[in-house]
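# would you be able to build a 3D model of this:
(one chain, ligands or ions: 1)
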Amino acid sequence: MRLDIVSIFPEYFAPLDVSLIGKARERGTLDVRIHQLRDWTHDVHKTVDDTPYGGGPGMVMKPEVWGEAIDAIIAEGPAVGGVGAPAATPRIIVPTPSGRPFTQEIAQELAAEPWLLFACGRYEGIDSRVMREYGARMRVDELSIGDYVLAGGEVAVLVMVEAIGRLLPGVLGNVHSAVDDSFAPGAMRNLLEGPVYTKPPVWRGHEVPEVLLSGHHGKIARWRRDEALRRTVANRPELAAAIDPETLDKHDRKL
Ligand SMILES: N#Cc1c(N)n[nH]c1-c1ccc2c(Cl)cn(Cc3cccnc3)c2c1
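I've put the predicted structure just below:
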């Protein structure tokens, strides 16, 4: 998979050099290219923003500079990798507080794409004509990572790239981890992870639940399922309400 990220703060993406994503880049599973948006300006101040039409607070990012940046990056294509044929154009992802919620399901969908281009805006956002221009000839998704307001799109892209990158073949050490993820479609859908424990068996008087030391895999699996359910009801009642009893029964039948 090829990932292009455009931002006026490319240094925000230093974390993509380390850990899972960094190793995937070294192995060639991920081809991550970070671009400084200001490289496509033509004035001495490298201006990327201007006042909003219709008035209002803050500044808006200019469409011309984004158009030149995205055109130049597309011209570098096509990208290979991912499922299916090489892509002549990227799927463009635009983080915005007003976007569709970014979910595990969307992460899985994006993990199958050969080429993603993340447009990281700042100020009050990117001139809407940019999304309209490229939406006419390729997939453009405006996505939000949650109901709070950040100062720009960079942190949201870090979240999305990690959620997507860990789903790529060979990135997670344990191939089962992603399958058992909370929020992943299937038996664990809408179920949060339960509590986890490791050695020592007693720490400051706190004991590990006995069932986990029993070696009885059926009892352990049921205990974990029950704990996941309990935590989901306590912390995310709206997810618990959406759990399909049929899914739970299927999960139990496998225990
Ligand atoms: N994804 C996501 C996401 C989220 N979950 N919170 N905030 C954001 C986010 C993403 C992109 C931008 C761009 Cl471009 C500018 N800002 C600042 C801003 C502040 C107030 C109103 N409008 C924009 C962004 C905030």
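# CA only for contacts and neighbour counts going forward, please
Noted.
# let me see the contact set for Leu37.
Contacts for Leu37 were tallied using Cα atoms under 8 Å, 6 or more residues apart in numbering; they are Val6, Ser7, Ile8, Val48, Val65, Trp66, Ala69.
# could you pull out the helices for the protein?
For the chain, the helices defined by DSSP state H occupy 19-27, 63-76, 104-111, 128-135, 154-165, 175-179, 217-235, 237-241, 245-253.
# and of the ones you listed, who's closest to the ligand?
helix 154-165 (4.9 Å; Cα to the nearest ligand atom).
# now the closest one: how far from the chain's centre is it?
Mean-position distance between helix 154-165 and its chain equals 4 Å (Cα atoms, centre = their mean, to the nearest Å).
# just stretch 72-91 next, same as before
Chain-centre distance of stretch 72-91: 19 Å, with Cα atoms, centre = their mean.
# and the contacts of that stretch?
Applying Cα under 8 Å, 6+ apart, the external contacts of stretch 72-91 come out as 1-2, 4, 111-117, 138-141.
# selecting buried members of those residues in PyMOL, what would you type?
Restricted to buried positions by 16 or more other Cα atoms under 10 Å, the PyMOL selection for the contacts of stretch 72-91 reads:
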select buried, resi 1+2+4+111+112+113+114+115+116+117+140+141
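# now, which of the contacts of stretch 72-91 lie close to the ligand?
Checked against the ligand using Cα under 6 Å from any ligand atom, the contacts of stretch 72-91 yield no neighbours at all.
# gap between Thr47 and His35?
16 Å (Cα to Cα, to the nearest Å).
# more neighbours: the two, which one.
Taking Thr47 and His35 together and counting by other Cα atoms under 10 Å, His35 has the greater number of neighbours (18 against 15).
# what's across from the more buried one in the sheet?
For His35, the beta-bridge partners under DSSP bridges are Val6.
# ok, it touching Pro10?
Yes. Using Cα atoms under 8 Å, His35 is in contact with Pro10, at 6.6 Å.
# returning to that earlier point: quick check, nearest of the contacts of stretch 72-91 to Ser182?
Ala111 (16.8 Å; Cα to Cα).
# neighbours around the spatially closest residue to the closest one that is not a sequence neighbour, how many?
Using Cα to Cα, 6 or more residues apart in numbering and skipping residues adjacent in sequence, the residue nearest Ala111 is Ile164, 5.2 Å away. Residues lying near Ile164 (other Cα under 10 Å) number 19.
# show me what contacts Ile164?
Shown in contact with Ile164 (Cα under 8 Å, 6+ apart): Ala107, Gln108, Leu110, Ala111.
# quick one: pLDDT of it?
For Ile164, the pLDDT comes out at 97.
# any part of the lengthiest strand in the chain near the ligand?
The residue-count maximum for a strand in the chain (DSSP state E) belongs to strand 91-101. Yes. Judged by Cα under 6 Å from any ligand atom, strand 91-101 comes into contact with the ligand through Pro95, Thr96, Pro97.
# partners of the closest residue to the second one other than its chain neighbours in the sheet?
Once flanking residues are discounted, Thr96 sits nearest to Ser144: 5.3 Å by Cα to Cα, 6+ apart. On the basis of DSSP bridges, Ser144 takes part in beta bridges with Pro101.
# quick one: Ser144 and Pro101 touch, right?
Yes. The criterion here is Cα under 8 Å, and Ser144 meets it with Pro101 at 5.0 Å.
# more neighbours: which of those two?
Neighbour count, other Cα under 10 Å: between Ser144 and Pro101, Ser144 has more, with 22 against 16.
# contacting residues around the more buried one?
Per Cα under 8 Å, 6+ apart, neighbours of Ser144: Pro95, Thr96, Pro97, Ser98, Gly99, Arg100, Pro101, Phe102, Ala156.
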